[in-house]
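*Asks:* with the input below, show me the fold.
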Amino acid sequence: MTDREQPERQLREFQLLYQVSRALHRTLNLDELIHLMLSAAILPGTGGFERAMLFTVNEKTGVLQGMLGISREAALKAWPAGADTLSVDEMRLDSALMARQRATALNRKVIKQRLPLKGEENPAAQAYLTRQIVFIPDPGQQSGSAARMADELQLGPYACAPLSGRNRSLGVLLVDNPVSREPINPDSLLFLELFASLAGDALENARLVRRLERTHEDLREVQERLIQGEKLAVLGEMAAQVAHELKNPLVSIGGFAQRLERQDLGDSRSNEYAAIIAREVRRMEEMLGNILAFSKKQLVCLEECDIVDLLDEALELEEDHLNRSGISIKKQISKTIPIITGDCRQLRQVFLNLLINARQAMPQGGEVMIRLARCGLRGEGAIEIEVEDTGGGIPSEMIRNIFNPFFSTNPKGTGLGLSISHRIVEHHHGELEVVNGEQGACFIVRLPVQPTAPQGR
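*Replies:* Okay, the predicted model is just below:
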């Protein structure tokens, strides 16, 4: 290059860097910024690079992982067809083009890369740790993870430039020339250094904006939950008042209906009507009882509880209903189940609610499997109770709401049984979760053997 050509080249590069700086700060969308950054890095007439790849650090695993790889052919699609000159200002990226760039064979190879964050093993890690450009003129001379990366990505002469934010490294920009095999000269390395500095600043800004957006979304969700909580509190108070007012007349209606049911009215249809009234009143009383139980504060009265006995008592209470519904019970109980500390009455109610839920899920009959075994919970001794039915399971879109108050998959259900059970288990510092098994839903209760300071609510 002549003495006259050198200043002209430098002027073009500085003009291009100015355009790059404007373009990179034009968007704060992180995905668009990454595509824009890699496309601009391999713009013809700059560093002469043929491909660009981005690696970022996974802080949990401590490795550099591939994020995106773009070839010059894929980058050129970001400019309008038939353009006489390629200006960064004219570069246009939309979701369809970015999707096509991500679908290339190069990018599929890049995103599979997991590089150990050890400078002696890989030039990309060395650039990240030292915050200096690392140049590899002959990838064939590498060994270890560097050799594997060079072989999998078919690297030509390449350089790794750190992308640094204000106080930390953000990633590594790798550029190479796999087609021409031309070495990366000092002028290209200088351009890469300046480009990486601009890209690092833009990347830091975009990440800060994304973090701010996520924080804003979290705050909005918390606000919505608080508003919803206040609404539920008011609704619960109103429901308790209404339930209390309705319960007295229902007792009278139910009592008279039962007396009519026991009498011979001389008309079979009249006796049938009386039986229907009595049955529906019992269902309404159960519903109102659940509403009152859910709305009022409950204290946990600690005592020694034999979970095996509580399960048997719940089964005995539900035995007639299960038999009439054609549901069989199977049990798998370990021999060494410890006595736990808890509220026996409330825990019995949990098991009864789970059995009722299983019965309602199998109107045509089926099987309930009950398993009881030891387990661990937050590093302490615990027991695990599983109640699994063959009712077909819970739709995936509903399973996340299954413990919400007044949510029920059964048209005749109140939607409070599982919610009450969930709250009781929480008061015992345990866990209640639901998963779909092979044939139906499986509810899993985990209770600590010695809960710490249960609280009433």
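*Asks:* what strands flank the top strand by length along the chain, and is each parallel or antiparallel?
*Replies:* If you go by DSSP state E, the chain has its longest strand at strand 366-377. Partners of strand 366-377 in the sheet, by DSSP bridges, are strand 327-333 (parallel), strand 380-388 (antiparallel).
*Asks:* tell me the helix or strand right after the first one.
*Replies:* Going back to what we said before, that points to strand 327-333. Going down the chain from strand 327-333, the next helix or strand is strand 340-342, by DSSP states H and E.
*Asks:* show me what that next one packs onto, helices and strands only.
*Replies:* Helices and strands touching strand 340-342, by 3 or more Cβ pairs under 8 Å, 6 or more residues apart in numbering; DSSP states H and E, are strand 303-305, strand 441-448. No exception for glycine: its C-beta is placed from N, CA and C like everyone else's.
*Asks:* nearest to residue 76, out of those strands?
*Replies:* Residue 76 sits nearest to strand 441-448 of all the helices and strands packed on strand 340-342, at 54.2 Å, using Cβ to Cβ.
*Asks:* who touches that closest one?
*Replies:* For strand 441-448, the external contacting residues (Cβ atoms under 8 Å, 6 or more residues apart in numbering) are 307, 340, 342, 347, 350-351, 354, 357-358, 361, 375, 377-378, 380-389, 391, 393-394, 425, 428-436.
*Asks:* what do you get for stretch 158-166?
*Replies:* With Cβ under 8 Å, 6+ apart as the test, stretch 158-166 has contacts from 54, 123-124, 126-128, 130-136, 139, 169-177, 184, 188-189, 192-193, 195-197, 199-201, 203-204, 207.
*Asks:* which of those fall in strands?
*Replies:* 54, 134, 135, 136, 169, 170, 171, 172, 173, 174, 175, 176.
*Asks:* who wins on neighbours among those?
*Replies:* Greatest neighbour count in those, by other Cβ atoms under 10 Å, goes to residue 174: 30 neighbours.
*Asks:* skipping its backbone neighbours, what lies nearest that one in space?
*Replies:* Ranked by Cβ to Cβ, 6 or more residues apart in numbering and with sequence neighbours excluded, the top spatial neighbour of residue 174 is residue 53, at 4.5 Å.
*Asks:* report pLDDT for that neighbour.
*Replies:* Note on residue 53: pLDDT of 94.
*Asks:* for it, give me its contacts.
*Replies:* With Cβ under 8 Å, 6+ apart, residue 53 has these contacts: 38, 66, 68, 69, 70, 106, 110, 153, 173, 174, 175.
*Asks:* just those: which are in strands?
*Replies:* 66, 68, 69, 70, 173, 174, 175.
*Asks:* any chance of these in a markdown table, with pLDDT and distance to residue 319 too?
*Replies:* A markdown table is the format used below for the ones in strands among the contacts of residue 53 (pLDDT from 0 to 100; distance: Cβ to Cβ, whole Å):
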| residue | pLDDT | distance to residue 319 |
| --- | --- | --- |
| 66 | 92 | 60 |
| 68 | 92 | 62 |
| 69 | 93 | 65 |
| 70 | 91 | 68 |
| 173 | 93 | 70 |
| 174 | 94 | 69 |
| 175 | 93 | 74 |
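*Asks:* between those, which is nearest residue 222?
*Replies:* Using Cβ to Cβ, the ones in strands among the contacts of residue 53 come closest to residue 222 at residue 68, 33.3 Å.
*Asks:* isn't that closest one up against residue 36?
*Replies:* No - with contact defined as Cβ atoms under 8 Å, residue 68 does not count as touching residue 36 (11.0 Å).
*Asks:* who's more crowded, the two?
*Replies:* Neighbour count, other Cβ under 10 Å: between residue 68 and residue 36, residue 36 has more, with 25 against 22.
*Asks:* check which helix or strand that one maps to.
*Replies:* Per DSSP H and E, the secondary structure element for residue 36 is helix 30-41.
*Asks:* give me the helices and strands touching that helix, please.
*Replies:* helix 5-24, strand 51-58, strand 63-71, helix 72-75, helix 95-102, strand 169-176, helix 186-262.
*Asks:* how far off centre is the fourth one?
*Replies:* Same thing as helix 72-75. 35 Å (Cα atoms, centre = their mean, to the nearest Å).
*Asks:* just the buried positions in it, please.
*Replies:* Within helix 72-75, the residues that count as buried by 16 or more other Cβ atoms under 10 Å are 72, 74, 75.
*Asks:* pLDDT wise, what is residue 65 at?
*Replies:* The per-residue confidence score, pLDDT, reads 90 for residue 65.
*Asks:* from now on call the first residue 354
*Replies:* Okay, residue one is now 354; in that scheme the one you just asked about reads as residue 418.
*Asks:* that one: what's it in contact with?
*Replies:* Residue 418 neighbours (Cβ under 8 Å, 6+ apart): 408, 409, 410, 411, 464, 466, 467, 468.
*Asks:* ok, back up a step: possible to save the ones in strands among the contacts of stretch 511-519 as JSON lines with distance to residue 620?
*Replies:* Converted to JSON lines, the ones in strands among the contacts of stretch 511-519 look like this (distance: Cβ to Cβ, whole Å):
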{"residue": "407", "distance to residue 620": "84"}
{"residue": "487", "distance to residue 620": "97"}
{"residue": "488", "distance to residue 620": "101"}
{"residue": "489", "distance to residue 620": "98"}
{"residue": "522", "distance to residue 620": "88"}
{"residue": "523", "distance to residue 620": "85"}
{"residue": "524", "distance to residue 620": "85"}
{"residue": "525", "distance to residue 620": "89"}
{"residue": "526", "distance to residue 620": "90"}
{"residue": "527", "distance to residue 620": "90"}
{"residue": "528", "distance to residue 620": "94"}
{"residue": "529", "distance to residue 620": "94"}
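*Asks:* for those, which one is nearest residue 584?
*Replies:* residue 523 (43.0 Å).
*Asks:* show me the protein divided up by domain.
*Replies:* What the record gives for the chain is the domain set 358-568, 580-648, 656-801, from automatic domain parsing.
*Asks:* quick revisit: among the helices and strands packed on strand 693-695, which is nearest residue 448?
*Replies:* strand 794-801 (38.9 Å).
*Asks:* same question for that closest one, mean pLDDT?
*Replies:* Mean predicted lDDT for strand 794-801 stands at 92.
*Asks:* can you pick the most crowded of the contacts of residue 418?
*Replies:* Counting by other Cβ under 10 Å, top hit in the contacts of residue 418: residue 408 with 27 neighbours.
*Asks:* quick one: residues contacting that residue.
*Replies:* Residue 408 makes contact with 417, 418, 419, 420, 466, 468, 477, 481, 524, 525, 527 under the criterion Cβ under 8 Å, 6+ apart.
*Asks:* kind regards, and thank you for your time.
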